[in-house]
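1. the following block contains a protein sequence and its predicted model.
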Amino acid sequence: MDPPDPMLDERVSVERDGGVAIVRLNRPDRLNALAEPMKEKMGSVFESLSRDPEVRAVLLCAAGRAFCASGDVTSMGAFTVDSAQDRLKRAHRMIINLARIDKPVIAAVQGPVVGIGWSMALACDTIIAADDAYFAQVFKNVGLTPDGGGVFFLAQNLGVLRAKALVLSGRKVPAEEALALGLVEQVVAAEALFDTALAHAHTLAAGPTLAFALGKRMFKHVYTPALETFLDAESWAQSVALMSEDHAEGARLS
């Protein structure tokens, strides 16, 4: 029997509102924790949206009371070398294809924005947060290093010392503190989040798409190493962590 096609996974939906593509995580019963087929689908969706000339902006959002509670811990704790590498390749393809979209990409986040969920939001061009949102690097809770480029993006936005403090503590960063740190563009009431973010996406969709694309490409040359080079190093570090007893114990206790 053939394995299920991840592109048919309804836990990630895609719809159009004029020139805006809306990508929505739709697993609210698990706080939108990312199962592996969801990562696979989003990697393909982001690649497709990048090439689609009808799409002029992308809005990444989520159903329910959370944006994303990181990866699905039910699949953790029993990795082999091969399964660990497959997991990382899926996550890295998703993040790279999201970061490579030449059009403006807005993340609308609420509730928990943690682990790789925070990495996804940081890979977007701007983040609009609900007032109930909080952010956290929770990887230490399961004996892992940050993945999805979390260290890369946080160091760019905060500098190394502040980024290290968030990774080592794993503490929650409330929306208003994230705004003060420059990690989000705007904080709005939870009930206004989607409409505010969609309106912003439409404003950007009406702008000069080529100029935006060129500007985004210029930003990529500001930092060394490139995201792809950093993710190669991340893959090595996380592969070691995934095979460790610390991770096995963390997964058992989660």
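-> Structure received.

2. list phi and psi for the residue nearest in space to the middle of the chain.
-> With distances taken as C-alpha atoms, centre = their mean, M120 lies nearest the centre of the chain, 1.0 Å away. Backbone dihedrals for M120, given as degrees, to the nearest 10, come out at phi -60, psi -50.

3. strands of this protein, start to end?
-> 12-17, 20-25, 57-62, 68-69, 105-109, 112-114, 126-130, 134-136, 173-174, 186-188 (DSSP state E).

4. using TSV, please lay out the ones you listed together with distance to D86 and mean pLDDT.
-> Heads up, the C-betas are built off the backbone N, CA and C, glycines and all. Listed next are the strands of the chain as TSV, based on distance: least, C-beta to C-beta, whole Å; pLDDT from 0 to 100:
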stretch	distance to D86	mean pLDDT
strand 12-17	19	98
strand 20-25	21	98
strand 57-62	24	98
strand 68-69	20	95
strand 105-109	26	98
strand 112-114	23	97
strand 126-130	29	98
strand 134-136	26	98
strand 173-174	31	98
strand 186-188	37	98
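
5. buried residues, stretch 27-34. List them.
-> Residues of stretch 27-34 classed as buried: R27, R30, L31, N32, A33, L34 (neighbour count, 16 or more other C-beta atoms under 10 Å).

6. low-confidence regions, this structure specifically.
-> Scanning the chain with the threshold set as pLDDT under 70 gives 1-7, 72-84, 242, 248-254.

7. select the longest helix from it.
-> helix 81-99 (DSSP state H).

8. packing partners of it?
-> Packing partners of helix 81-99 (3 or more C-beta pairs under 8 Å, 6 or more residues apart in numbering; DSSP states H and E): helix 36-51, helix 116-123, helix 227-242.

9. give me the angle between that helix and strand 20-25.
-> When axes from the mean of the first three to the mean of the last three C-alpha atoms, to 10 degrees is applied, the directions of helix 81-99 and strand 20-25 differ by 150 degrees.

10. isn't G170 right up against F139?
-> Yes. Using C-beta atoms under 8 Å, G170 is in contact with F139, at 7.4 Å.

11. who has more neighbours out of these two?
-> F139 (25 against 15; other C-beta atoms under 10 Å).

12. what's the neighbour count on the closest residue to the more buried one other than its chain neighbours?
-> In space, and not counting its chain neighbours, F139 is closest to P146: 5.1 Å by C-beta to C-beta, 6 or more residues apart in numbering. Per other C-beta under 10 Å, the neighbour tally for P146 reads 25.
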